[in-house]
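> Here is my input, please return the structure:
(chains A, B, C and D, ligands or ions: 4)
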There are 2 protein chains.
Amino acid sequence: MEKKLFITFLKERGLRFTKERTVILQKSLSFNGHFDPESLYHQIRKTGLKASRASVYRTLNLLCECGLIERVRKTDRGTIYESSFGHKHHDHMLCIRCGSIIEFYSEPLEKIQEKVCKKHGFLGANHTLEIRGYCKTCQKKKK
Amino acid sequence: MEKKLFITFLKERGLRFTKERTVILQKSLSFNGHFDPESLYHQIRKTGLKASRASVYRTLNLLCECGLIERVRKTDRGTIYESSFGHKHHDHMLCIRCGSIIEFYSEPLEKIQEKVCKKHGFLGANHTLEIRGYCKTCQKKKK
DNA sequence: CCATAATTGATAATGAGTCTCAATAACAAG
DNA sequence: CTTGTTATTGAGACTCATTATCAATTATGG
Ligand SMILES: [Mn+2]
Ligand SMILES: [Mn+2]
Ligand SMILES: [Zn+2]
Ligand SMILES: [Zn+2]
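Ligands and ions are numbered 1, 2, ... in the order given. Modelled structure (predicted):
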């Protein structure tokens, strides 16, 4: 499925579907939620598979371009990705105390964004909304 | 005004209000819109003032902590800031073709975010919304 | 003015991500 | 299957933003 999509994408550009790219694609999708390149790389090594750090970075860029994964955000320690195939669009709440993440989707929110875009003559392609604050647990602990 | 705020913030923490910090504060506020540390640093040198790169980075962190400036986003080439004192909260549309930025504010959008937070038991403190797409000009050029 | 502790800045260090380039592998055509 | 062409790989060098070091300097309260 995802493989097909990736292969098509590669062919269209005269790129090749290599062992390394297969491994990186599969591992990327194997993460349930968010992941970073370094974890992915270690995951690969741990499993006895092989792909260099360079290939990991290169392939993640390709996977982003073809829409199979997305950059969620850039932290001080690098970029966070998540697979976007099968997972429908959502935004994030990030607890600034414990780092936990809540994924949410709000139809009204999306609709209003479209309206706002139209109002400014802007053609929106995609967006990122990150709400920072305190999760339920951390609110209690603060007291 | 902003100076007062900064001084208070520093005192509370046993930090000192130095010449360098004065300069960096003033220049930060002097930018009308978005800016990055390197530009700020050059701006300072150009004016004959003095403050090292290290101090620029250190002070920008302090200014963020006390809320006088905000990190807008991290690009491949570093962090973008903007002064948040006097400027009320807004979000951004970013043209992925020409890089131009539209600042906007939508009351309904904010309200719905609050609702969504409540629904998830999340205590929102702040947020960033970036809509990427094509500005008016670039839409025309695409055709 | 003095003592103390924070600050500065030159410079080294860190770390994510990219680039280089010789060796290797994918793949299309025969 | 064999071959030729060309993309890919990976080790390591490199870039560049940002932070850490640390000796010399300076702000600040008394
Ligand atoms: Mn997510
Ligand atoms: Mn802005
Ligand atoms: Zn939390
Ligand atoms: Zn544009």
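
> what's the most centrally placed residue in chain A in contact with, if anything?
In chain A, the residue lying closest to the centroid (Cα atoms, centre = their mean) is A:Glu82, at 2.5 Å. Shown in contact with A:Glu82 (Cβ atoms under 8 Å, 6 or more residues apart in numbering or on different chains): A:31, A:33-35, A:69-70, A:72. All C-beta atoms are positioned from the backbone trio N, CA, C, and that covers glycine.

> go with 10 Å
A:28, A:31-35, A:69-73, A:90, A:92, A:101, A:103 (Cβ atoms under 10 Å, 6 or more residues apart in numbering or on different chains).

> How many residues are close by the residue nearest to it when sequence neighbours are not counted?
Distances taken as Cβ to Cβ, 6 or more residues apart in numbering or on different chains place A:His34 nearest to A:Glu82, at 4.8 Å, with adjacent residues excluded. Look at A:His34: counted by other Cβ atoms under 10 Å in any protein chain shown, it has 16 neighbours.

> A:Leu5 now?
With other Cβ under 10 Å as criterion, A:Leu5 counts 14.

> How about A:Glu20?
18.

> Let me know the distance separating it from ligand 4.
Counting by Cβ to the ion, to the nearest Å, the gap from A:Glu20 to ligand 4 is 36 Å.

> contacting residues around whatever helix or strand that residue lives in?
Assigned by DSSP states H and E, A:Glu20 belongs to helix A:19-30. For helix A:19-30, contacts defined as Cβ under 10 Å, 6+ apart pick out A:1-3, A:5-7, A:10, A:15, A:17-18, A:35, A:37, A:39-41, A:43-44, A:47, A:49-52, A:54-60, A:62-63, A:68-69, A:81-83, A:85-86.

> What's the ChimeraX line that selects buried ones from those?
Buried residues within these, by 16 or more other Cβ atoms under 10 Å in any protein chain shown, are selected in ChimeraX with:
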select /A:2,6,7,10,35,37,40,41,43,44,51,55,56,59,60,62,63,68,69,81,82,83,85
